Every structure is written in structure tokens, then in C-alpha cells.
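Participant: Got a predicted structure here, sequence first:
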Amino acid sequence: MASNKLVIVESPTKAKTIGSFLGKNFTVKSSFGHVRDLPKGKMGVDTEHGFIPTYVIPTKSRKIVTELKKAAAKADEVYFATDEDREGEAISWHLAELLDQDPAKLKRITFHEITKEAIAHAIEHPRSLDLRLVDAQQARRILDRLVGYELSPLLWKKVARGLSAGRVQSVAVRLIVEREREIQAFKPQEYWTIEALFSKKNKVVFPAKLIAKDGSTLDKFACPDKASTDAVLAALKDASAAVKSVERKEAHRAPAAPFTTSTLQQEANRRLNFSAKQTMMFAQQLYEHGFITYMRTDSVNLAEKFLSEARAWITGSLGEKYANAGGPRRFKGKQKGAQEAHEAIRPTEAANEPQALAAKLDLDQLKLYDLIWRRAIASQMSEAVLNQTSATIAAKGSDAVYDFRANGMTIGFDGYYRIYPTDAKETILPDLAPEEPVSFEKLEGVQHMTEPPARFSDASLVKALEEYGIGRPSTYAPTITTIIERNYVERIENRRLKPTEIAFVVNDLLVEHFPEVVDYNFTAKMEGELDEIAEGEKKMGPVLEGFWTPFKKNLDAKMKEISKSVSEKPTDIKCEKCGKPMVEKMGRFGKFLACSGFPECKNAKPLPGSEEDMKTDEKCPTCGAPMMVKRGRFGPFLSCSRYPDCKTIKKIEKKIGVMCPECGKGELVERRSIKTRRAFYSCNRYPDCKFAVWSKPTGEKCPKCSSLLVLGKEGSVVCSNKECDFKKEGTVVPA
């Protein structure tokens, strides 16, 4: 008689994929994620008796748990096939507890890819639960609960209701707030560069930049203003020039390691404009369908099977010269205590070219798969070989000898660039020889201004968190999502992360009164201790006790010490309802006025002169009353001034003062895409006119093709027509 075997996974998609590999003796069911958690509305952790957690089954999971219990009761064997990381181990442990499984008979199976071979191997080699991983996950969950449930009420009482604090989220907010303060304190500094176009007798023209005067290298600020620039241009007005030296060398560029969670999030953000959350969502889908290996990993290792498959594909599709000459290329990870999966993110089969999967994946999934496939294959390819040429041109001016530098680069052998292109562009210099005379075709000064540090993107924030050792692969995307959802951070133009007003207030309070919670080194140390629990080097109880005792003592003292003045300021304005003074308060979405007689008097209104207090010339389409600017979770909007009698609301058009170049009637406005929240600019006559561009228009037309000019990178202005190469950088002053 055939046995009945039950396999439990977390997601229905994963269940379907695994079910297609197993025989009819197997039933594969999904737990739909976690089936137990700490209760909502109370701590759920006994801090007096060893930090014992109390778990409950969420309402949404009760029906699922009942079904799993019935299935387990009928099964001869139960396999727990959740992900092989702390979170997956904890889900299996919770399931085993709920299904009353005998630990001695429990069958835990793990795999890094969902393929028929991997699943068959896992079924044949089950293991017991790793309680060290379970304890590490429980310790993280309990730590986050202790901080969130103890610190958040203090923020409610001292700052504003609805606020929250978190062990990792508050550190991420601190990074963003401190970067914003650097930007606010930044003072731009002017500097100029001297740029020339030289030509040989055959009129071949090549560019060069001034680098030295009388043999002394000039620094960035050698020409700090127009006057000093004009002086150099005047000295070079009738200068003769000749080639001083030419240097040629061959440079080799090796491919990067295959993706880890962090590098995948960073590269997907840069190349595909995906947020960390989107990247992990699409990667999860690719993993569950069996197309890539597990996507939460610190490792850069590649399986021997994939190494041989990749080499076979490279030699068969591109030729032997494109395969790494030294055999398989192996990489060493930089992360101490990498604790998630044991392999990098890669395609499950090297031969699964992206175009072959186009019919099975949606566009975003395909883009991410293409990126993962190319990175993994490229890691096993030959180095790219670059031919670099550097020529120094000496020009005899009226007061000194000025050296200009011309650089050229050509790709001698594309190597891994064939699969994984970079931004490297070929610049061809003519054949030059020492003492060969050249002529000035053009000489000009170009004005520049120093730029403040850039606001964090998802990519740069993930990189910073990783460098500080804050969080782990599974926490980067949820952390960014959390601080945005809780209104500490907003996405602005170019998807950069900017702190809100409330973020400054909360961050400053935490830095002053709870420095250990938002200290980068302390938070990284806690992550290290969680790793040590996972490795069996430390026990959960002492680690939690070491954090809780000083934290709780400080919290109790600060609850009495911190005054409400942190978020309240008295005003001379009288409450029109009760006559008491109004106070300026801080709410989740900014400052407002509230009656000092609260809670007896609940009168509240916008600050005088604030945008939320402004009546507009626009009339309510429902009742004809003036519309007012209000602010909500997603920013300002128009609301009827007769609210709550009339509840009409409208979006505010962010006009940029540029007429639509397509219809000539509408005006371009800033909008945000529903899916990615990325800013774009389109005609306000949509859907009658569907003109739209991603970059902000300047209002000028391209001198080459008459298309709209838009802002490019680093302050440049470029043509919106992708087929046009027009680009303008800075202010040009002719010689």
C-alpha cells in the first residue's frame, strides 16, 4: 500500500511548482507564510521569566492551520520544506508545534533551488529542525517587539500619536536625516575647467583638458571664478602647442561576483529603477517558479554544477576565448557571518537564456531574470581588455607652459562586456607622437558648481546598511518599505529618499535620549549577537537580558524626564471655541494648531500661512465653495472648505511652467506612476493628449532636433529624443 506523504511550504506558487516534481503519493500544501506570531495590542513577551514569548494564531491563518492539521493527521510522513534561512526555520518550528509533530520523527528538507533534482535530493536527505536558527529568529522578533512596544508609546506621549520606533528602522531614518542635514549645510563652490579641441594637420579633432601649469598639477579649484579663467584664456590666445608625451597601456577588467541580496537590490535599482521591495517581490516569484536560486543570501559561491554548465554555454554560444582561461572563477564573500543561503543568486540552469523564458514571465520578471542571468554567466567569462592612451599636450602661453591631457580608450577584447555591458564608452585618439605640433581649434572655460552629497536611493541606502552591518538580506527591503509607510521618509524626484519633518523630530529625540537604539555600531553589534545565536555560540536569553535591562531602566527615566515641549510650542492664538491658547503641535504629517484645553476641547486647525490653510481660487465642483489645500499621508491635496458638510477632494496638479510640445494646448505637470511611485511629466489634458517624459523638462527645445530638452545627470541638459545625442553641461564661456 502506497504511503501518503505531506509536504508543507510557505507559498501556493512554491507548492504548485514542487507538486509538479513529486509523485501522486505526495500532497503539497501551503501555510501562506507565518501561522503564529506575537499578539497584537500587547507585548506578548514575559520579560520577568526568561523572555518567554506568547504566540497566537492570527485570524487569517486559523482556517489554514485547521486544514493543515487534518492533512497531517492523514499523512504517514510530514516534510517541512520552508526556506532555508532563520525565517523559514522558524515557520517550520511553529508548524511542527501546531501540528503536534514528534521532533524525533520530524522531516525538515531544504534546497537552494526549486528543480526536480534538488527536490528529489532534499526528500532523500531530510534533517531535524535547527533550533539555533529558530532561536535567532525568535530573538530578532522579540528584540523588535521590545523596542517597538516600549519606545513607540513614549513617542505617542511626547511627540505625536501614531508614531513608531524600531531597532533597525530608526537607524535607517537616522542615516537619511543626517544626509539631509549635510545637504542643508552644504555651500556650493564655483570652479572652472579649461577645455580645448586640438587638431593635427589632417584636421582630426580630439578633446583635452588643462591639468598643469609650468609642470605643477592644477587642483580642482585652480580657476575659482570667471576672472581667473579669462586670464588663462588670454594667456593662451596665441599659444603654439605640441605633443609632449604619449602613454599607451593595456588594462584588464574582471567581472563582478554573482549577485547577493544586497548587490541585486543595488543593481536592480540602478539599471532597472526597481525599488528594493519590487526587486525582492519579482525575485521571490522567479524563485518560486523554479527559475533562480534562493534570493536571500550573503554568499557569492556558485555550485560546481552551474560552473560547468556556464562554461559549456559560454564556449558553445560565444566561443572558447570568452570562457575564463584559468577555469571556473570562484569568489570570496566580504560579509562576516553570512548566515542565509549557501549560494549566490543565479539561474537554476545556465542554458535558460532570457529570451527563451519571455513567454513564461511578465515584463518586470523578465527584466530581473535577464539581469541575474547575465551577471552569473558574466562572472565566468574572460576579462575585458581595454587599450588606454593618454597624451599630454604642451601649450606655450604668454606667461607659462600649460599642459593639457587627452585620454582615449578602445575595447581590445570585449570579454564579459559581451554579456554584461558597462557604461564604458570608446574614445578614439588619433595617432600622436612626441613633439608633433597640434593646433587649437577651440578653447573655452566651463563653469561648474560643487554638488552636495546625493540623497539616498534604495541602492545607496542598502549599501550603507550593509557596510554598517545593520540588518541582514531579509530585512533591507522591509525596512525601506516601513519607513516610507510610516511617513518618516518620502520618495521624491528620481526616486530619492527624503526625510519628512516628523523624521527630524523623532530622530533628534532618539539620538539625545536613546543613543544606543540608533547607534550604528550598537545596532551592528546586536546583529552580530543574533548571528552568534544562530551559530550556537550564544544563548537567546542572556542576549535579550543584556539589551533589555539597561534599555528599560533608561526608558522609565526618560518617560518622566522628557517634557511635552519636545513637540509643543505655545502661541498667541486663541481657540475660537473655548478661548484658551492654541499650541503648535507636531503630528505624523507635520505641524498644526491644537487647543491647549485638549482633551476637553478638541479644536485643531492648520498653522496660519501654511499651505494647508490656503484657500484657492478653484471652486468645489460639487457645491461651489472655495477649495482648500490639505495634507494627507500621500502629500497635499484639495479639499472643499465646507468639509465635513461637503467631502469633495481633488488631486493638486504640480505644474512646471512648460507647455506641452505635442498638443500645444495643455501644460506639463508632475505625476507619479501607480506601480513604482516614480515621478514623470505629462500633459494635463490626458487622456486627450498622451505626451509624457520621465525626466524633468527645461522648457527649451533641442537645437539639433527640436525635441524637448530635459534635465540629465549631474546638472546636465539632454535631449528627450533617445535618438539624439545632444548634451549640454554647465555654462560655456567662449575664448
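Facilitator: Ah, there it is. Residues are numbered from 1 along each chain as shown.
Participant: in the sheet, who's paired with the nearest residue to residue 617 once chain neighbours are set aside?
Facilitator: Leaving out its chain neighbours, the residue that sits closest to residue 617 by C-beta to C-beta, 6 or more residues apart in numbering is residue 626, at 7.7 Å. Heads up, the C-betas are built off the backbone N, CA and C, glycines and all. Note on residue 626: beta-bridge partners by DSSP bridges are residue 619.
Participant: Run a quick check on residue 626 versus residue 638, I expect a contact.
Facilitator: No. Residue 626 lies out of contact with residue 638 (C-beta atoms under 8 Å); the separation is 9.9 Å.
Participant: neighbour-wise, which of these two wins?
Facilitator: residue 638 (19 against 15; other C-beta atoms under 10 Å).
Participant: Let me see the contact set for the residue nearest to residue 617.
Facilitator: Listed by C-beta atoms under 8 Å, 6 or more residues apart in numbering, the contact partners of residue 626 are 615-620, 641.
Participant: quick one: it from residue 654, how far?
Facilitator: Separation of residue 626 from residue 654 (C-beta to C-beta, to the nearest Å) stands at 20 Å.
Participant: for residue 272, same thing?
Facilitator: 25 Å.
Participant: same thing with residue 313?
Facilitator: Residue 313 is 49 Å from residue 654, by C-beta to C-beta.
Participant: Mind checking which of those two has more residues around it?
Facilitator: residue 313 (18 against 15).
Participant: Please name the nearest non-neighbouring residue to that one.
Facilitator: Closest to residue 313 by C-beta to C-beta, 6+ apart is residue 350, at 4.7 Å.
Participant: Ramachandran angles for the nearest residue to residue 293 once chain neighbours are set aside?
Facilitator: Distance criterion C-beta to C-beta, 6+ apart; nearest residue to residue 293, sequence neighbours excluded, is residue 113 at 4.4 Å. Residue 113 adopts backbone torsions of phi -150, psi 150, taken as degrees, to the nearest 10.
Participant: State the pLDDT value of residue 113.
Facilitator: For residue 113, the pLDDT comes out at 92.
Participant: Residue 713 too?
Facilitator: Reported pLDDT for residue 713: 68.
Participant: Could you spell out which stretches of this structure belong to which domain?
Facilitator: Here the domain parsing of the chain from automatic domain parsing is 5-129, 143-186+455-561, 190-254+384-449, 261-378, 568-650, 656-734.
Participant: In contact with the closest residue to residue 348 other than its chain neighbours, which residues?
Facilitator: The shortest distance from residue 348 to any non-neighbouring residue, by C-beta to C-beta, 6+ apart, is to residue 113 (4.6 Å). Residue 113 makes contact with 287, 290, 292-294, 348, according to C-beta under 8 Å, 6+ apart.
Participant: what do you get for residue 457?
Facilitator: Neighbouring residues of residue 457 by C-beta under 8 Å, 6+ apart: 269, 494-497.
Participant: Name the residues of the host helix or strand of residue 411 that are buried.
Facilitator: Using DSSP states H and E, residue 411 sits within strand 401-413. Neighbour counts using 16 or more other C-beta atoms under 10 Å place 402-404, 406, 408-409, 413 of strand 401-413 among the buried residues.
Participant: what packs against it?
Facilitator: Contacts defined by 3 or more C-beta pairs under 8 Å, 6 or more residues apart in numbering; DSSP states H and E place strand 401-413 against strand 190-199, strand 205-213, strand 240-253, strand 384-396.
Participant: Residue 697 is nearest to which of those strands?
Facilitator: Between residue 697 and the helices and strands packed on strand 401-413, the tightest spacing by C-beta to C-beta is seen for strand 190-199, at 26.2 Å.
Participant: Kindly indicate which of the contacts of residue 113 lies nearest residue 48.
Facilitator: residue 294 (38.8 Å).
Participant: any chance of the contacts of residue 457 in JSON lines, plus distance to residue 84?
Facilitator: Below are these laid out as JSON lines (distance: C-beta to C-beta, whole Å):
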{"residue": "269", "distance to residue 84": "26"}
{"residue": "494", "distance to residue 84": "37"}
{"residue": "495", "distance to residue 84": "32"}
{"residue": "496", "distance to residue 84": "35"}
{"residue": "497", "distance to residue 84": "32"}
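Participant: Looking at these, which are in helices?
Facilitator: The helices, defined by DSSP state H, take in residue 269 from the contacts of residue 457.
Participant: For the contacts of residue 457, pick the one with the most neighbours.
Facilitator: Neighbour tally across these (other C-beta under 10 Å): the maximum, 24 neighbours, falls on residue 497.
Participant: and residue 89, that one's in a helix?
Facilitator: Yes. With DSSP: H, G, I helix; E, B strand; the rest coil as the criterion, residue 89 is part of a helix.
Participant: neighbours of it, just the number please.
Facilitator: Counted with other C-beta under 10 Å, residues neighbouring residue 89 total 25.
Participant: ditto for residue 343
Facilitator: Residue 343 has 18 neighbouring residues, counting by other C-beta under 10 Å.
Participant: so where is the protein shaky, pLDDT-wise?
Facilitator: 1-2, 334-341, 564-567, 588-590, 609-615, 631-635, 674-677, 713-715, 729-735 (pLDDT under 70).
Participant: what sits against the residue positioned nearest the centre of the chain?
Facilitator: Centroid-nearest residue in the chain: residue 458, 1.5 Å away (criterion: C-alpha atoms, centre = their mean). Residue 458 is in contact with 265-266, 269, 274-276, 480, 495, 497, counting by C-beta under 8 Å, 6+ apart.
Participant: cutoff 6 Å now
Facilitator: With contact taken as C-beta atoms under 6 Å, 6 or more residues apart in numbering, residue 458 is in contact with 269, 275-276, 480.
Participant: same check, this time on residue 682
Facilitator: Contact partners of residue 682, counting by C-beta under 6 Å, 6+ apart, are 671, 692.
Participant: How much space separates it from residue 495?
Facilitator: 17 Å.
Participant: cool, and residue 182?
Facilitator: 19 Å.
Participant: can you check residue 202 too?
Facilitator: Distance from residue 202 to residue 495, counting by C-beta to C-beta: 47 Å.
Participant: Going by residue numbers, what spans are helices in the stretch 501-650 of the chain?
Facilitator: Secondary structure of the stretch 501-650 of the chain (DSSP state H, counting those that start in this stretch): helices at 501-513, 515-518, 520-534, 540-561.
Participant: part of a helix, is residue 6?
Facilitator: No. Judged by three-state DSSP, residue 6 forms no part of a helix; its state is strand.
Participant: count of residues packed around the closest residue to it other than its chain neighbours?
Facilitator: Nearest residue to residue 6, sequence neighbours excluded (C-beta to C-beta, 6+ apart): residue 75, at 3.8 Å. Residue 75 has 18 neighbouring residues, counting by other C-beta under 10 Å.
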